[in-house]
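*Asks:* Build me a model from this:
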Amino acid sequence: MRRWVYLVIVLFGLATIRAGQLPLTVSEISLMLRAGYSSRTLMGELSARRCVDVLDEAKEKTLINAGASAELIAVLKSGMYSLSADKTSAVLEQMAAVDERRQVQSEIARKSNERYQAQVARERSAKTPQANGSVGSIVDLLKGDLVQYRNGELVHVDDVALAGKKLIAFYFSAHWCGPCRKFTPQLVDYYKRVAAEHPEFEIVFYSHDRSAGDFENYMRETNMPWLAIDFTKLKGKQALTKDAGPGIPSLVLLDSAGNLISSSYSGSQFLGPQHVLADLDSIFAGKPPGRLASAQ
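*Replies:* All right, here's what the predicted structure looks like:
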């Protein structure tokens, strides 16, 4: 009996991996609604992916506040898109197992890379002029918590990775988010186009993924060339989400001291990440937005 149950779990897990899409949670549905998904489109997503949550009163209120239609609420309440108990258990077990393996691999890579990164940090610090040694609050907040995808693995970067950066764009995104996966390649192209000419600029990925494994897969699949906050350190970085708005994808452009320059949101109005890229282009062209110009 145990062998049969194990076989069912493994087969279901393999099917999920092949599909590349795990069931949605209410939190993810809410974020997708706020990012511009219609309730009708989400019902199409749910018919293929299902929902791993049970809709209670609190979760229903969350969806209503995000703009869910009465029809979407009704079908979620009906259980039409719910997984069976055994499939839910299998998905949760698969997610936990993948996350555990990724964390072990990440820790091994971190330890093996630790000495090398410390040496690089000492060498760069020795070469960095003292005038650039004074770092802003953003650098202090992220000290020791940045990673980057290099040569097929996720590695910690040294503490001077943001030294001298005057413009830091935080990218709030997740692999499970369809609009995010559509925008990320555009952002990669933009970064590759401007980064070499503007060394004062950097992007830092703030993940809304559900696990460390999803976080790493997202960086690898999209070839993210920029820095990212270590997934295990995100809980201490919520202050960075203050201007990010309620949905993703979102970009927030700050100076090194943490002052807001541009955002994908203006209050509750969604301007989109392209709004921030337009502001960046203006800055690079010598025509900074009013907020940055007054600061200068």
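*Asks:* A strand includes residue 205, no?
*Replies:* Yes. The assignment for residue 205 is a strand, going by DSSP: H, G, I helix; E, B strand; the rest coil.
*Asks:* Determine the number of other residues adjacent to it.
*Replies:* 26 (other Cβ atoms under 10 Å). C-beta: built from backbone N, CA, C; applies to glycine.
*Asks:* The one 4 residues further on too?
*Replies:* As a burial measure, the neighbour count of residue 209 was computed by other Cβ under 10 Å and equals 21.
*Asks:* Equivalent analysis for residue 65, please.
*Replies:* With other Cβ under 10 Å as criterion, residue 65 counts 12.
*Asks:* OK, contacts around it?
*Replies:* residue 30 (Cβ atoms under 8 Å, 6 or more residues apart in numbering).
*Asks:* Residue 138 and residue 162 touch, don't they?
*Replies:* Yes. Between residue 138 and residue 162 a contact is recorded at 6.8 Å, counting by Cβ atoms under 8 Å.
*Asks:* Spell out which residues are contacts of both of these two.
*Replies:* Common neighbours of residue 138 and residue 162 are listed as 168, 256 (criterion: Cβ under 8 Å, 6+ apart).
*Asks:* The stretch 151-296 of the chain: strands as residue ranges?
*Replies:* Applying DSSP state E, counting those that start in this stretch to the stretch 151-296 of the chain gives strands spanning 153-156, 167-173, 201-207, 227-229, 250-255, 260-263, 265-266, 269-270.
*Asks:* what sits up against the third one?
*Replies:* If you take Cβ under 8 Å, 6+ apart as the criterion, strand 201-207 is touched by 142, 146, 161-162, 165-174, 187, 191, 194-195, 215, 218-219, 224, 226-229, 231, 234, 237, 240-241, 244, 280, 284.
*Asks:* the inter-axis angle of it versus strand 167-173?
*Replies:* Counting by axes from the mean of the first three to the mean of the last three Cα atoms, to 10 degrees, strand 201-207 lies at 20 degrees to strand 167-173.
*Asks:* OK, contacts around the closest residue to residue 273 other than its chain neighbours?
*Replies:* Computed as Cβ to Cβ, 6 or more residues apart in numbering, the closest residue to residue 273 that is not its neighbour in sequence is residue 251, at 4.1 Å. Shown in contact with residue 251 (Cβ under 8 Å, 6+ apart): 169, 170, 171, 172, 187, 262, 263, 264, 273, 276, 277.
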